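Visitor: Provide a 3D model corresponding to the input given below.
(one chain, ligands or ions: 1)
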Amino acid sequence: MTDIVQYDVCIIGGGLVGCSAALHLTRAGQSVVLVERDSVGAHASGVNFGGVRRHGRNALELPLSLRSLDIWRNMAALVGNDCEFMPCGHLKVARNEAEMSVLEQWRGFGAQHGIDVELHNGAKLRQRFPWLSAQIYGASFCPGDGHANPRLAAPAFALRARAEGAVIIEGDGADVIEDAQGGFEVTLMSGKRLRASVLVNAAGAWGRTIAARYGDDAPVNAVAPQMFVSEPVPYFIDAVLGMVCGGLYLRQIPRGNVIFGGGRGTLSPDQRSSWPSDRVFAETVGLAGEIIPQLRNLAIIRSWTGVEGNCDDGLPVVGSSPRRQGLYHAFGFSGHGFQMAPAVGAVLSELITRGATPTDISALSPQRFADAKSGLVMAESEI
Ligand SMILES: Cc1cc2nc3c(=O)[nH]c(=O)nc-3n(C[C@H](O)[C@H](O)[C@H](O)COP(=O)(O)OP(=O)(O)OC[C@H]3O[C@@H](n4cnc5c(N)ncnc54)[C@H](O)[C@@H]3O)c2cc1C
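Guide: Okay, the predicted model is just below:
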């Protein structure tokens, strides 16, 4: 019979959310174990686009997003690695007047939250972003947003957390979660057992199953966004690009490769893995060449997908369980979790150690689905 080790907090999931929580909780004096069934950053957190943007965000996510940008700016001081964060700005392009009016609306809204965006069209747009197609009607530019390297971020948080005392277990998933006196008992696939007073569900696209174990249903389903990377060419795309209508997001790294995403690939039946779609490949590569003509004929050297938890209302599920004391959820980030995860860890740590956080996450509560059934919450759509 193996000894059962007792911790203050057990975190399930070693994506950026779980690793950020591990570091912040360890710094707050908690004994922490993080359990990852594959390896740290192996899933969405390590294979995503790397966009770090406030621009165009849903109002309900902005408090987390703003707090997270402050952390991204100081990443090297926090984890000893800047994760290649480049605040080159985010450009959202409109293809017609109707899309431009969406950008104009968001500009007013951003200003209320202290985010200044510049609207460009006509000659001013061509002068500032000469690489854009003449088809583009106008655009909004948000200085200070940018991009980072997803391969670096979750491992950097995990290494720092481990150096400061957290136990990080890889290659061994949480198999059975049971109630134990004063908390939870987690049996891993290897048979190892752990106990903790607090359980953090940071299991990404798979968080719904863990939440359902305690009756916290959240409409989060797996999707497989598709990504691409080109051969390197001299650096010329000096902003992260997105489209009001969706369909394409794109950035160039100083090494010269252009990284872009759009559309969705195919999920495996068990939803543990995914692969690119040929149709999406043709459509997205074609669209990239339409928006930035210099990308036509560029060799695409790789396409890949990742498994992301997408919530029906487009917002993540963050907060304490309404049904089980000591259980906290942070999953279903719906395509926005890379940018927000650094702050999510800080917020979880505050909730767990102090019972409250200064960051307004009330609209992200797991409780909202119960409320929505009675018509209390209406989600805003993101542009
Ligand atoms: C292709 C793609 C592009 C994206 N682009 C962006 C972007 O530009 N900007 C942005 O902000 N966001 C983006 N996202 C979203 C972002 O990557 C995610 O929201 C974020 O990484 C979620 O982090 P996570 O820690 O919640 O999940 P994950 O990184 O998926 O981590 C969850 C972990 O939990 C583990 N796990 C699950 N069940 C168990 C278990 N029972 N026991 C142990 N471990 C378990 C999994 O193995 C996994 O490693 C993108 C996502 C994808 C897929």
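Visitor: only C-alpha atoms for contact and neighbour calcs from this point on.
Guide: Fine.
Visitor: in the protein, where's the longest helix?
Guide: In terms of residue count, the longest helix belonging to the chain (DSSP state H) is helix 337-354.
Visitor: enumerate the residues of the stretch 251-383 of the chain near the ligand.
Guide: The stretch 251-383 of the chain comes close to the ligand at residues 305-308, 331, 333-339, as judged by CA under 6 Å from any ligand atom.
Visitor: mind listing what's buried in the one helix or strand residue 155 maps to?
Guide: Remark: residue 155 resides in helix 150-163, with elements defined by DSSP states H and E. The neighbour-count criterion (16 or more other CA atoms under 10 Å) identifies 150-162 as the buried residues of helix 150-163.
Visitor: could you identify the most distant pair in those residues?
Guide: 150 and 162 (19.2 Å; CA to CA).
Visitor: beta partners of residue 300?
Guide: residue 230 (DSSP bridges).
Visitor: beta partners of residue 201?
Guide: Note on residue 201: beta-bridge partners residue 12, residue 329, judged by DSSP bridges.
Visitor: ok, now which ones touch it?
Guide: Listed by CA atoms under 8 Å, 6 or more residues apart in numbering, the contact set of residue 201 reads 11-13, 207, 210-211, 327-331.
Visitor: quick revisit: next structured bit after the helix holding residue 155?
Guide: Proceeding C-terminally, helix 150-163 gives way to strand 167-170 as the next helix or strand, assigned by DSSP H and E.
Visitor: tell me the mean pLDDT over that following strand?
Guide: Along strand 167-170, the predicted local confidence has a mean pLDDT of 98.
Visitor: next one: the helix or strand where residue 259 lies to chain centre, how far?
Guide: In the assignment (DSSP H and E), residue 259 maps to strand 258-264. Taking the mean C-alpha point of strand 258-264 and that of its whole chain, the gap between them comes to 15 Å (CA atoms, centre = their mean, to the nearest Å).
Visitor: sheet-wise, list the partners of the very next helix or strand once past it with their directions.
Guide: Once the chain leaves strand 258-264, the next helix or strand it forms, by DSSP H and E, is strand 266-267. Based on DSSP bridges, the pairing partners of strand 266-267 within the sheet are strand 274-275 (antiparallel).
Visitor: now do the strand it pairs with: distance to the chain's middle.
Guide: Relative to its chain's centre, strand 274-275 lies at 19 Å (CA atoms, centre = their mean).
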